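*Asks:* A structural model of the following input is requested.
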Amino acid sequence: MRRFALFANLLMAGLLSGCTSEVDMANMRDNTLHSTQIRSDQVTTIQNRLARLEASEEERQRSLIRMPAALDELRLEQRKLRGELEELQYHQEQVRTGLDYRLSALDQRLRILETRPRVGGIAPSQLDSGSEPPLLFDPDPEIEPPVEPVAEPTLPAPEPEPVAVEPPPTPEPKVVAVEAPPTPEPKPVVKPPALPPEKDPEAIRLFRRARDDYQQGNYEVAIILFKQYLRQYPQSAQAGDAQYWVGESLYAQKEYNAAIVAFDEVIQQYPQNEKVAAATLKVGLSFANLNDKANARFFLQQVQERFANSAEAQLATEKLKQLRR
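*Replies:* This is a model prediction of the structure:
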């Protein structure tokens, strides 16, 4: 009997332990699924954030590349406004010169009228519009005016007969006709021919100052001065060099996207300039610094093909070897 009771207790204990282990396994599976779901949500959130950051970075780079183009449009608009302002100033100068000539002619005519012969001993300038004209002769002092007799109380006094006094003849004035001088035509304002930028001391001084700032590491100042040179002397033979040094200044500041645009403008706007090979090389190096190996290889190969015997081609070959590693 005791053996049976012991066997029953052992059987019950085994059944209870088996049920407990199955419950624990079910709980573990639920916890594992819940943790997996949480981690999956976290991974999805991180991926979405990375995608937004990458899109934002690409948009920023595109904005940087588009910025020089917008600046170019502003420069063109500024040149147009400057031309219109100069034209208005030229017309204003012509009008002012014409008015000066007319005023001078009117002043000369007024002086001629003031110096004409006197009429009756009086100059025209001495006559005022509100004053009475003076008498041309004095009355005869020997002729006294008639005295009125004392009238009788009943009879009116006889009126005296008037004495006729003839005035002396007035001499006729002689008027000399003076023709006014013809009004001179205004002469057009002729501007002296401007010196070419290569001989203009101001242009030479501006370019040298920009180069000095670049060599001293004042890259932001150098960019401003080179761009000022391009605005004032766009037809200069050194305009391509100035644009190239703008790209070099940006490259030195590690602004590779803006430098690519600046160097590309050298290639497109100044294809005959001697800096085209160096500009093409720097475009490839800028893409390499941005880890854009495909574009970097393309421009470096362009240097090898178009400028095979140049020092830039040797540098491009060395950089291509590094990109293949």
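*Asks:* Provide a list of residue ranges in the stretch 201-325 of the chain with pLDDT below threshold.
*Replies:* Along the stretch 201-325 of the chain, no part satisfies pLDDT under 70.
*Asks:* That one: helices as residue ranges?
*Replies:* For the stretch 201-325 of the chain, helices defined by DSSP state H, counting those that start in this stretch occupy the ranges 201-215, 219-232, 239-252, 256-269, 276-289, 293-306, 311-324.
*Asks:* Mind naming the longest helix for the chain?
*Replies:* Taking DSSP state H as the criterion, the chain has its longest helix at helix 2-114.
*Asks:* Check which helices and strands that one is in contact with.
*Replies:* helix 219-232, helix 256-269 (3 or more C-beta pairs under 8 Å, 6 or more residues apart in numbering; DSSP states H and E). The C-beta positions use only the backbone N, C-alpha and C, and glycine is treated the same way.
*Asks:* hey, which of the ones you listed is tucked in deepest?
*Replies:* Highest mean neighbour count among the helices and strands packed on helix 2-114 (mean count of other C-beta atoms under 10 Å): helix 256-269, with a mean of 21.
*Asks:* Show me what it is packed up against.
*Replies:* If you count contacts as 3+ C-beta pairs under 8 Å, 6+ apart, helix 256-269 packs onto helix 2-114, helix 239-252, helix 276-289.
*Asks:* Format these as TSV; extra columns: mean neighbour count.
*Replies:* Listed next are those as TSV, based on neighbours: other C-beta atoms under 10 Å:
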stretch	mean neighbour count
helix 2-114	11
helix 239-252	23
helix 276-289	23
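*Asks:* Could you work out which of those helices reaches nearest to A313?
*Replies:* For the helices and strands packed on helix 256-269, distance to A313 was read as C-beta to C-beta. The smallest value, 7.8 Å, belongs to helix 276-289.
*Asks:* what helices or strands is that closest one leaning on?
*Replies:* helix 239-252, helix 256-269, helix 293-306, helix 311-324.
*Asks:* Pull it out as CSV, backbone CA atoms only.
*Replies:* Extracted C-alpha coordinates of helix 276-289, given in CSV (Å, rounded to 0.1, in the frame of the first residue of the first chain):
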residue,chain,number,x,y,z
VAL,A,276,41.4,74.1,-68.9
ALA,A,277,43.6,71.0,-68.3
ALA,A,278,44.1,71.9,-64.6
ALA,A,279,40.4,72.7,-64.2
THR,A,280,39.4,69.3,-65.6
LEU,A,281,41.9,67.6,-63.3
LYS,A,282,40.5,69.5,-60.3
VAL,A,283,36.9,68.4,-61.2
GLY,A,284,38.1,64.8,-61.1
LEU,A,285,39.9,65.3,-57.8
SER,A,286,36.8,67.0,-56.3
PHE,A,287,34.6,64.1,-57.2
ALA,A,288,37.2,61.7,-55.7
ASN,A,289,37.1,63.7,-52.4
